[in-house]
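> here is a sequence together with a model predicted from it:
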4 protein chains.
Amino acid sequence: ADVQASLDSRRIAIDKVGIKDIRHPVRVRDRARGEQHTIATFNMYVYLPHNFKGTHMSRFVEILNGHEEEISVASFQTMLGEMAERLESEAGHIEMRFPYFIKKQAPISGVASLLDYEVSFIGEVRDGEPKMYIEVVVPVTSLCPCSKEIAAYGAHNQRSHVTVRIRNRGFIWIEELIELIEREASCEIFGLLKRPDEKYVTERAYNNPKFVEDMVRDVAARLNQDDRVGAYVVEAENFESIHNHSAYALVERDKEVE
Amino acid sequence: ADVQASLDSRRIAIDKVGIKDIRHPVRVRDRARGEQHTIATFNMYVYLPHNFKGTHMSRFVEILNGHEEEISVASFQTMLGEMAERLESEAGHIEMRFPYFIKKQAPISGVASLLDYEVSFIGEVRDGEPKMYIEVVVPVTSLCPCSKEIAAYGAHNQRSHVTVRIRNRGFIWIEELIELIEREASCEIFGLLKRPDEKYVTERAYNNPKFVEDMVRDVAARLNQDDRVGAYVVEAENFESIHNHSAYALVERDKEVE
Amino acid sequence: ADVQASLDSRRIAIDKVGIKDIRHPVRVRDRARGEQHTIATFNMYVYLPHNFKGTHMSRFVEILNGHEEEISVASFQTMLGEMAERLESEAGHIEMRFPYFIKKQAPISGVASLLDYEVSFIGEVRDGEPKMYIEVVVPVTSLCPCSKEIAAYGAHNQRSHVTVRIRNRGFIWIEELIELIEREASCEIFGLLKRPDEKYVTERAYNNPKFVEDMVRDVAARLNQDDRVGAYVVEAENFESIHNHSAYALVERDKEVE
Amino acid sequence: ADVQASLDSRRIAIDKVGIKDIRHPVRVRDRARGEQHTIATFNMYVYLPHNFKGTHMSRFVEILNGHEEEISVASFQTMLGEMAERLESEAGHIEMRFPYFIKKQAPISGVASLLDYEVSFIGEVRDGEPKMYIEVVVPVTSLCPCSKEIAAYGAHNQRSHVTVRIRNRGFIWIEELIELIEREASCEIFGLLKRPDEKYVTERAYNNPKFVEDMVRDVAARLNQDDRVGAYVVEAENFESIHNHSAYALVERDKEVE
């Protein structure tokens, strides 16, 4: 008796059903080195019509394990189609979240170190139409314009997260998206800084104060100009050094529904 | 020089700007005892028109601290209006998330104990039109129908979270929403169970197997019948006892746009 | 058949057995207002001799629920003794972690707001000898001495957590411990600051640069002088604004074993 | 001016100072496949004598980045020595925590899938004496003996974490430690199970009920017999399917101080 395949009479379709928070090693395409190994957390869902009692949860895991233990970016889109087909569904959704590393040069000494970013690929397919999203969480320094203005010396600053989710309509490197964001912060951050580098980043942030409002607007302005971006959400969150809460701002835009 | 109030020429409005993850003691209206004390985490945002450089972050905290150290449910709606007014914005958004306790009787012995739930109030106002949402995360037991069917004895079961967010169009107690959900699980859970109670909940779950698909449908069917609910999202997540990942399902419906 | 009370032949005693991560509303003694309501997460454990198969988990919850729904500080020590007695154990351990709020005045304007701290009470009893610990996590601003020294202007700063755990040998207010720590940071933080206050905290931090090493030493020096403190662990963690990792330092001392 | 290297007069040595929560890609030795790629989170600390003001934080990151972008297990011990030497300290401490994957065969169908475990290597060196620890967090199924005993049918079960930390005195594979633990649970868990496998694990757990007390004792008994284990801590935590809290037990033993 295949309980899942039996008929259902409640007349309620399920928008998303599947597996959540399953971890798997993956390979991701990397601009500098060809590819990098990382560990991803997946959510995989399909649409379930009202007349079926359940989906087949084990098939999701089979798809994940069928990709030879590691999943490249190219195979992500393939997986999306395969999932909809094997689960006999008209709609599917996959999210894959992973730490991604970029080797950065310190601004003065040029010393290299890795910095880690949280990246997600999100794919949705409905009636054969796929949509692909990339999300990056970029840690940066923000320095408060108000504090700089009113204080005789110094200015409070802090670590901030700028999170950007875009809907692609052309190929874009993870690295391009991250660099675009880092340029609009008070200063980008690094894993390793020598003393002349620390002088540089301290002064650069002081010369370049930004509110959360400024960061989301400046990043949005850049995304407005990029034709590969069909839609976006930009968020900035400052883990305020003078408070125990965050300052937060969000701008979103869908160029394709305007 | 009030930096925030200066003019901005980037021509990008900000959808949400404010403070995030600030904790505050609150009082919440309680069906059994009149009210209960708890601790809430707030997010408070307003819309910022394109021509202003920044919002006044300190005003959000003033509003929170102005409510005599503790905030009742009634004052939540007042706060929403007050926030839009004091920050001179046409739109505002407040979220308030808190642990909420209900005293439950064990099913056979009747022994009483508290159970904790995660509850959120979400309020949005746009052009003077407020919308109110309630979200509850309800921990329950789910027992797998497939496992029961195929095994000669026993059936795997586990803790699950059923999360429901509704948009209200009539008063509803937090307790009513939680009870509605608990009735549709394989079994509700308790803080304290004596031996006859443990026998009862074990057998009740075994007699009442449910997939995540069943739980979201059965809760959705109940919400469909309740006229106080204008829209809903129902999610179920099983922290599977035989896997290291979750089974997940979601149904959503907006009765007012059909 | 009481399975837990049956004999065990494996000859392995269990150092700690009980319940973990159970939430309960509590009242805590408060220097300014008499008491405050908050929500605590409890861990409650006893020692189990080698010859018993199991402990009685429901008794832990009964003890928690028996304290009239809210637990005062005084009853914390009572609970410790009661737990050892009702579970017939020679040793017991209770931890109770909760957000605690202090009303602070901004340094110049004097405007009041609440700040939240993470506080724990830890009690251990062995052969009738109780030991009590208090732990506080205090969010502060730290400003980097090296960055200030090498930069022509500005200095990176960030939110830091200073965590202190003491073993009491005399009564000490939570508030006293927090104030002692805040005085040794580059600057204390506040929920609400007006513009003159923001000028003050910015300049105060700049005038008072501290490494994590400085903060743990300066707090340790204060605890060395306080006879109510029998032992301590001091930790400082800076969520560096120029890196994506933390700087960290720890000093510990037990005055009673020297 | 090298601020960190200046003299300090407070006469307080710092037990641990360094960097915390820095992520780095690593390669770990793997019994089946030679090695596997994963992502580790590192904490790296040294002892700082009372007469120095600060340590050199950037050297920790240099050590991490100096190991050719990926760190093997062998190089972990080398790093420990290198850290103490480059930071001129008599004592050092490194923790490295990472997800680790094992390909498992389902018990009846033999179908293969990956399961993820949380593993840590911890190394300490003091006066040239290194100590190495391995910690694994193993997700398993636990089925309650009391529930089975009192119910006419069924028994509550749930996902549990068994955490074991050992101090090595001989080489042991991560895989060996995990298998030892999985054998002592009610049932081990899998990423992928076909219907005959689900029947097997359901019945196996029902035939093999265990309290948290049983799991820690049975694992401890196995570690007692293994001469490669110099000391251990065994913990079990059941995320109870009938409660909203955990059942928990801990046994620890140091064979070398008895």
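Cool, the structure landed.
> and for residue A:129, the neighbour number?
As a burial measure, residue A:129 scores 8 neighbours (other CB atoms under 10 Å in any protein chain shown). Placement of C-beta: from N, CA and C, glycine included.
> and residue A:130, by the same measure?
So residue A:130, with other CB under 10 Å, has 13 neighbours.
> figure out the helix or strand that it lives in.
Per DSSP states H and E: residue A:130 is located in strand A:129-143.
> now do that strand, average pLDDT.
For strand A:129-143, mean pLDDT rounds to 95.
> strand partners (parallel or antiparallel) of it?
Taking DSSP bridges as the criterion, strand A:129-143 forms sheet pairs with strand A:112-126 (antiparallel), strand A:157-168 (antiparallel), strand A:187-188 (antiparallel).
> of those strands, which is nearest residue C:139?
For those, proximity to residue C:139 was assessed by CB to CB; strand A:157-168 is nearest, at 11.7 Å.
> report the backbone C-alpha coordinates of that closest one in CSV.
Coordinates of the C-alpha atoms in strand A:157-168 are reproduced here as CSV (Å, rounded to 0.1, in the frame of the first residue of the first chain):
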residue,chain,number,x,y,z
ASN,A,157,31.2,52.5,13.3
GLN,A,158,30.3,48.7,13.3
ARG,A,159,30.0,45.6,11.3
SER,A,160,27.0,45.6,9.0
HIS,A,161,25.3,43.1,6.7
VAL,A,162,24.2,44.1,3.3
THR,A,163,21.9,41.5,1.8
VAL,A,164,21.0,41.6,-1.9
ARG,A,165,18.7,39.2,-3.6
ILE,A,166,18.4,39.6,-7.4
ARG,A,167,16.4,37.8,-10.1
ASN,A,168,18.8,37.2,-12.9
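> the helix or strand just after it: which residues count as buried?
Downstream of strand A:157-168, the first helix or strand assigned by DSSP H and E is helix A:174-183. Buried residues in helix A:174-183, counting neighbours by 16 or more other CB atoms under 10 Å in any protein chain shown, are found at A:174, A:177, A:178, A:180, A:181, A:182.
> show me which residues of the stretch 151-258 of chain A sit near chain B.
Within reach of chain B by CB under 8 Å from any CB of the partner chain, the stretch 151-258 of chain A has these residues: A:211-214, A:216-218, A:220-221, A:237, A:244-252.
> for ChimeraX, write a command that selects the buried ones of those.
To isolate the buried ones among those in ChimeraX, judged by 16+ other CB under 10 Å, type:
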select /A:211,212,213,214,216,217,218,220,237,244,245,246,247,248,249,250,251
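> strands - which of the residues of the stretch 151-258 of chain A next to chain B land there?
A:237, A:246, A:247, A:248, A:249, A:250, A:251, A:252 (DSSP state E).
> what is the nearest of the residues you listed to residue D:119?
Among these, residue A:237 lies closest to residue D:119 (CB to CB), at 31.2 Å.
> state the distance from that closest one to residue D:147.
Going from residue A:237 to residue D:147 by CB to CB, to the nearest Å gives 45 Å.
> cool, and residue A:193?
Counting by CB to CB, the gap from residue A:193 to residue D:147 is 57 Å.
> report the contact partners of whichever residue of chain A sits closest to chain D.
Nearest residue of chain A to chain D: residue A:37, at 3.5 Å (CB to the nearest CB). By CB atoms under 8 Å, 6 or more residues apart in numbering or on different chains, residue A:37 lies in contact with A:25, A:26, A:27, A:70, D:25, D:37, D:38.
> quick one: it is in a helix?
No. Going by DSSP: H, G, I helix; E, B strand; the rest coil, the assignment for residue A:37 is strand, not a helix.
> so for residue C:79, which of the strands paired with strand A:129-143 sits nearest?
The nearest among the strands paired with strand A:129-143, by CB to CB, is strand A:157-168 at 39.9 Å.
> between that closest one and helix A:174-183, how big is the angle?
With axes from the mean of the first three to the mean of the last three CA atoms, to 10 degrees defining the directions, strand A:157-168 sits at 140 degrees from helix A:174-183.
> many thanks, have a good one.
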